[in-house]
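*Asks:* predicted model and sequence below, questions to follow.
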Amino acid sequence: MTATETLTTEQQRVKDEFVRVRGTWGEPWQRILELDPAFLEAYLRFSSVPWTAASHLEPKVKEFVYIAADAAATHLYEPGIRQHVAAALRHGATPAEIMEVLELTSTLGIHACNIGVPLLLEVLEEEGLRTGPAPLDERRERLKAEFTAHRGYWHEFWRASSSSPRTCSRRTSSSPRCRGRPARWSRRSRR
């Protein structure tokens with residue numbers, strides 16, 4: 001069945017209710033409706049609570065939350081971004097407000113680097129491919145100082161010191177620093 005074909009009375013009722021409550025409709029919802037209207041109706045009841053119960057956020061702010069979730073690096077759901085940007089605009093959001101939501105959301109992906117880079121450095125050191133941090137050049141020192149001045153901190157994860165690894169490997173688990181801590185299973189410890 002395609003969107004242009006006739007829906008059953010039950011499917012049409014669910015679709016009409018979805019559009020009434022959520023103010024949007026799209027191809028993914030159409031496909032779910034065709035396959036399992038009862039599931040879509042259950043999803044609608046769950047997902048519409050912020051729109052049908054006592055509300056504390058204005059509608060455009062709710063749309064900002066949807067935009068942030070759909071635009072997050074871990075989700076990147078383009079149809080949802082499109083639907084919720086349009087809905088936010090209908091609820092009075094400005095393009096500048098939506099851009100700020102996207103800018104704030106873009107920082108979510110940095111956590112992969114905050115965690116991954118120190119672990120990469122540690123494994124490189126364990127493998128003998130890195131002997132310690134290179135000193136920061138003038139540009140990087142300036143960036144660090146600017147970040148610290150604006151944000152008020154410099155995270156330890158960003159410190160690439162070989163003298164203070166953040167995790168313990170099976171190889172180093174007997175050291176005083178690691179006693180009582182769970183050992184991380186490194187590539188070297190599996191040899």
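*Replies:* Yes, it's here. In this text the structure is predicted, and so the values were computed from the model without any measurement. Numbering: from 1, shown residues only.

*Asks:* so Thr52 is in contact with Glu17, correct?
*Replies:* No - judged on C-beta atoms under 8 Å, Thr52 makes no contact with Glu17 at a distance of 10.8 Å. C-beta: built from backbone N, CA, C; applies to glycine.

*Asks:* what comes up buried for the longest helix seen in the chain?
*Replies:* Ordering each helix of the chain by length in residues (DSSP state H) puts helix 110-126 first. By 16 or more other C-beta atoms under 10 Å, the buried positions in helix 110-126 come out as Pro118, Leu121, Glu122, Val123, Glu125, Glu126.

*Asks:* just put those residues in JSON lines and tack on distance to Glu27.
*Replies:* What follows is the buried residues of helix 110-126, written out as JSON lines (distance: C-beta to C-beta, whole Å):
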{"residue": "Pro118", "distance to Glu27": "42"}
{"residue": "Leu121", "distance to Glu27": "44"}
{"residue": "Glu122", "distance to Glu27": "45"}
{"residue": "Val123", "distance to Glu27": "43"}
{"residue": "Glu125", "distance to Glu27": "49"}
{"residue": "Glu126", "distance to Glu27": "48"}
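
*Asks:* by mean pLDDT, flag the weakest helix or strand of the chain.
*Replies:* helix 110-126 (a mean of 79; mean pLDDT, DSSP states H and E).

*Asks:* what packs against that one?
*Replies:* Here helix 110-126 touches no other helix or strand, going by 3 or more C-beta pairs under 8 Å, 6 or more residues apart in numbering; DSSP states H and E.

*Asks:* average pLDDT across the following helix or strand past that helix?
*Replies:* Per DSSP states H and E, the first helix or strand lying C-terminal to helix 110-126 is helix 138-151. On average, the pLDDT along helix 138-151 is 92.

*Asks:* which other residues reach helix 138-151?
*Replies:* Leu136, Trp154 (C-beta atoms under 8 Å, 6 or more residues apart in numbering).

*Asks:* quick one: residues contacting Leu136.
*Replies:* Contacts of Leu136 by C-beta under 8 Å, 6+ apart are Lys144.

*Asks:* low-confidence stretches in this protein?
*Replies:* Scanning the chain for pLDDT under 70 picks out 1-5, 156-191.

*Asks:* strands along this structure, start to end?
*Replies:* Using DSSP state E, the chain contains no strands.

*Asks:* please enumerate the helices of it.
*Replies:* 9-22, 27-35, 37-47, 49-52, 59-71, 78-90, 95-106, 110-126, 138-151.

*Asks:* Ala145: how many residues sit nearby?
*Replies:* Number of residues near Ala145 (other C-beta atoms under 10 Å) recorded here: 11.

*Asks:* rewinding a little: between Thr52 and Glu17, who's got more neighbours?
*Replies:* Using other C-beta under 10 Å, the more surrounded residue of Thr52 and Glu17 is Glu17, with 15 against 10.

*Asks:* so the more buried one sits against Ala42, correct?
*Replies:* No - contact criterion C-beta under 8 Å: Glu17 and Ala42 do not qualify, at 12.0 Å.
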